[in-house]
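>>> Just to be clear, the model below is a prediction. Sequence and coordinates:
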Amino acid sequence: MRRTARLIPILTAIAGSTLLSTTIAHGATADATAGAGAGATAGAAGAGGGGVTAARAVPQPVEEEAADTKKEQQTVQRYWTEAKMEAARPLAALVPEKDGARLTAGALAAQTAADPVSVPATEPGGDTVTVTKGSAAARTSTGAAWTRGGAIVKTAGRVFFTYQGRNASCSASAVTSENKSTVITAGHCVRMGGAFHENWVFVPGYQNGNRPHGTWVATTLYTTPQWNNSEDVNYDVASAVVAPLNGRSLTDVVGGQGVSFNQGRRQQMHSFGYPAAGPYDGSKLVYCAGRAFDDFLMSRDIGLNCDMTGGSSGGPWFLTFNERTGLGTLNSVNSFKYGFAAGWMFGPYFGTEARAVYEAAQTTGTP
C-alpha cells in the first residue's frame with residue numbers, strides 16, 4: 001500500500017442490490033471487512049473542500065493490490081492486444097436481490113444528514129476548471145452516440161479486465177485527485193463473484209478500437225465493504241489508481257472531471273458509457289440525459305431513462321454537465337437494470353461510503 005495522506009473519516013449511509021456488466025496480478029488479499037474508520041469529527045475533503053460532521057465513522061474501503069511493479073505493469077500492457085479488446089464482452093446483467101432495501105424517509109434523512117462535498121474538475125496539467133451549466137437547455141437522450149466533443153471524450157473511457165478466465169469490459173472516468181491517477185467506476189467492474197478482477201486497464205477516449213491516450217494499468221483497486229462482502233448494489237462503487245504512462249500521470253494527460261458527494265436527489269443528470277451488448281458494440285461513447293428519479297422498487301439508487309446495455313457499467317453520471325465544454329461533476333455511475341424495465345438505468349447514491357472510496361484512492365501513491 002502506498003498511502004500518502006490519511007483517510008478522512010466520514011459518515012455512514014445504508015443500502016440495497018443489481019448489475020450491468022477488471023484484473024490483478026496478485027491474489028485477493030482483502031476479503032474480510034475492513035475496520036471502521038477512526039474518529040467522528042469534521043474533516044476537509046482531500047482535493048475538494050467542505051468539512052463533514054460525522055455521527056459515525058464509515059468502514060474503510062477494501063483495498064486490493066493490482067499490477068504494482070513495473071514488470072507486472074508491462075505484462076498487463078502486453079496482454080491487451082487490439083484483438084483481445086475487441087473480443088472482450090460485458091459482464092452478465094445485475095439484478096437486485098429479493099430482499100433489497102428500498103429508499104425510505106429514514107434512509108433519505110440519513111443521506112442528507114452529511115454535508116455536501118464537491119471537488120472541481122481539472123484540465124490536463126492540473127488547472128482547476130469551474131463547471132457551469134450551458135446556456136442552452138440540456139437535450140434529453142436515452143442512448144445516443146456522443147458527437148459534441150469536449151473534455152468528456154478524453155476523461156471517459158473503457159475498462160478491460162479478466163473475469164473468471166474471460167476478458168470483459170466496463171466503463172469509467174478519470175477524476176480530479178491528489179495523486180492525479182484516480183479513476184471512478186462501479187464495484188462490479190473491479191470485483192464480482194467473490195474475487196477481484198485481473199489485468200485491469202483503463203483506456204480513456206477509446207473510439208473504434210483506437211487508444212488515443214494510451215492504456216493505463218491499475219496498481220490498486222478499492223471498493224466499499226458492502227459491495228465486497230455481499231455485492232450490495234446500493235454500494236456498487238469502486239476506484240482504481242493507475243500507474244504513470246511514459247512518465248506522466250493520468251489527469252496531466254486527459255484532465256479530470258469533478259466529483260461530488262451527499263448531493264440532492266432528482267436532479268438533471270448526464271450518464272456516459274461504452275455499452276457493448278446489442279444493439280451497441282462498445283466502439284463509441286454513448287450518453288443519456290434527463291432528470292433522475294428514485295428507485296421505488298428494490299434499492300436506494302437513483303435512476304435515469306436510459307437504453308444503454310452491458311459494458312456501460314461504471315460509466316459516469318454528472319450533475320451540472322456542460323454540453324459545450326464536456327465538463328461536469330461526477331455523482332454516480334451506471335450500475336444495474338431491472339429485467340422488466342430495460343429503459344431504466346440505475347446508479348448508486350454517492351454518499352459517505354462512495355466518498356471514502358474516492359479518498360482512499362486519491363491519497364494512494366503510484367509506483
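Done, it's in.
>>> which residues of the stretch 201-350 of the chain fall in helices?
Assigned by DSSP state H, counting those that start in this stretch, the helices in the stretch 201-350 of the chain fall at 225-230, 250-254.
>>> distance of the residue lying closest to residue 361 once chain neighbours are set aside from residue 249?
Counting by CB to CB, 6 or more residues apart in numbering, residue 361 lies nearest to residue 239, which is 3.5 Å off, once chain neighbours are set aside. C-beta here means a position set from N, CA and C on the backbone, and glycine is covered the same way. For residue 239, the distance to residue 249 (CB to CB, to the nearest Å) stands at 15 Å.
>>> Between these two, which has more neighbouring residues?
Per other CB atoms under 10 Å, whichever of residue 239 and residue 249 has more neighbours is residue 239, with 30 against 21.
>>> separation between the more buried one and residue 118?
Here residue 239 is placed at a distance of 17 Å from residue 118 (CB to CB).
>>> tell me the most buried of the helices of the stretch 201-350 of the chain?
For these, ranked by mean neighbour count under the definition mean count of other CB atoms under 10 Å, the leader is helix 250-254 at a mean of 24.
>>> what's in contact with that one?
Where contact means CB atoms under 8 Å, 6 or more residues apart in numbering, the residues beyond helix 250-254 that reach it are 122, 124-126, 154-155, 174-177, 180-183, 202, 204-205, 213-214, 216, 242, 244-245, 256.
>>> ok, of those, which come out buried?
Neighbour-count burial (16 or more other CB atoms under 10 Å) is assigned, among the contacts of helix 250-254, to 122, 124, 154-155, 174-177, 180-183, 202, 204-205, 213-214, 216, 242, 244-245, 256.
>>> Which helix or strand in this structure has the lowest average pLDDT?
Considering only helices and strands, the least confidently modelled element of the chain by mean pLDDT, DSSP states H and E is helix 105-113, at a mean of 60.
>>> Show me what the helix or strand following that helix is packed against.
With elements assigned by DSSP states H and E, the helix or strand that comes after helix 105-113 is strand 117-119. With contacts defined as 3 or more CB pairs under 8 Å, 6 or more residues apart in numbering; DSSP states H and E, the secondary structure elements packing on strand 117-119 are strand 258-261.
>>> List the buried residues in the helix or strand hosting residue 361.
Secondary structure assigned from DSSP H and E places residue 361 in helix 352-362. By neighbour count on 16+ other CB under 10 Å, the buried set for helix 352-362 is 352, 353, 354, 355, 356, 357, 358, 359, 360, 361, 362.
>>> Residue 261 is in contact with the fourth one, correct?
Yes - under the criterion of CB atoms under 8 Å, residue 355 is in contact with residue 261, at a separation of 4.1 Å.
>>> what about residue 79, how many neighbours?
Residues near residue 79, counting by other CB under 10 Å, number 18.
>>> For it, which non-adjacent residue is closest in space?
Nearest residue to residue 79 in three dimensions, chain neighbours excluded: residue 199, at 5.3 Å (CB to CB, 6+ apart).
>>> State the number of residues packed around that neighbour.
Residues near residue 199, counting by other CB under 10 Å: 24.
>>> partners of the helix or strand it falls within in the sheet?
Taking DSSP H and E as the criterion, residue 199 maps to strand 198-204. Sheet neighbours of strand 198-204, with direction, are listed as strand 156-163 (antiparallel), strand 216-223 (antiparallel) (DSSP bridges).
>>> Just the CA trace of that strand, in PDB.
Extracted in PDB, the C-alpha atoms of strand 198-204 (Å, rounded to 0.1, in the frame of the first residue of the first chain):
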ATOM      1  CA  GLU A 198      -7.200  -9.300 -13.100                       C
ATOM      2  CA  ASN A 199      -5.300  -7.500 -15.900                       C
ATOM      3  CA  TRP A 200      -7.200  -4.300 -15.100                       C
ATOM      4  CA  VAL A 201      -6.700  -1.400 -17.500                       C
ATOM      5  CA  PHE A 202      -8.400   2.000 -18.300                       C
ATOM      6  CA  VAL A 203      -8.400   3.300 -21.900                       C
ATOM      7  CA  PRO A 204      -9.500   6.900 -21.900                       C
END
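>>> How far off centre is that strand?
Taking the mean of its C-alpha atoms, strand 198-204 sits 13 Å from the chain's own mean (CA atoms, centre = their mean, to the nearest Å).
>>> Identify the residues contacting that strand?
Applying CB under 8 Å, 6+ apart, the set of residues contacting strand 198-204 from outside is 22-25, 66-67, 76-77, 79-80, 85, 154-162, 167, 172, 174, 183, 190, 211, 213-218, 221, 240, 242, 250, 253-254.
>>> how about a cut-off of 7 Å?
Applying CB atoms under 7 Å, 6 or more residues apart in numbering, the external contacts of strand 198-204 come out as 22-25, 66, 76, 79-80, 154-155, 157-162, 172, 174, 183, 190, 211, 213, 215-218, 221, 240, 242, 254.
>>> which stretches of this structure aren't confidently modelled?
Low-confidence segments of the chain (pLDDT under 70): 1-56, 93-114, 133-138.
>>> circling back: list residues touching both of residue 355 and residue 261?
With CB under 7 Å, 6+ apart as the test, residue 355 and residue 261 both reach residue 117.
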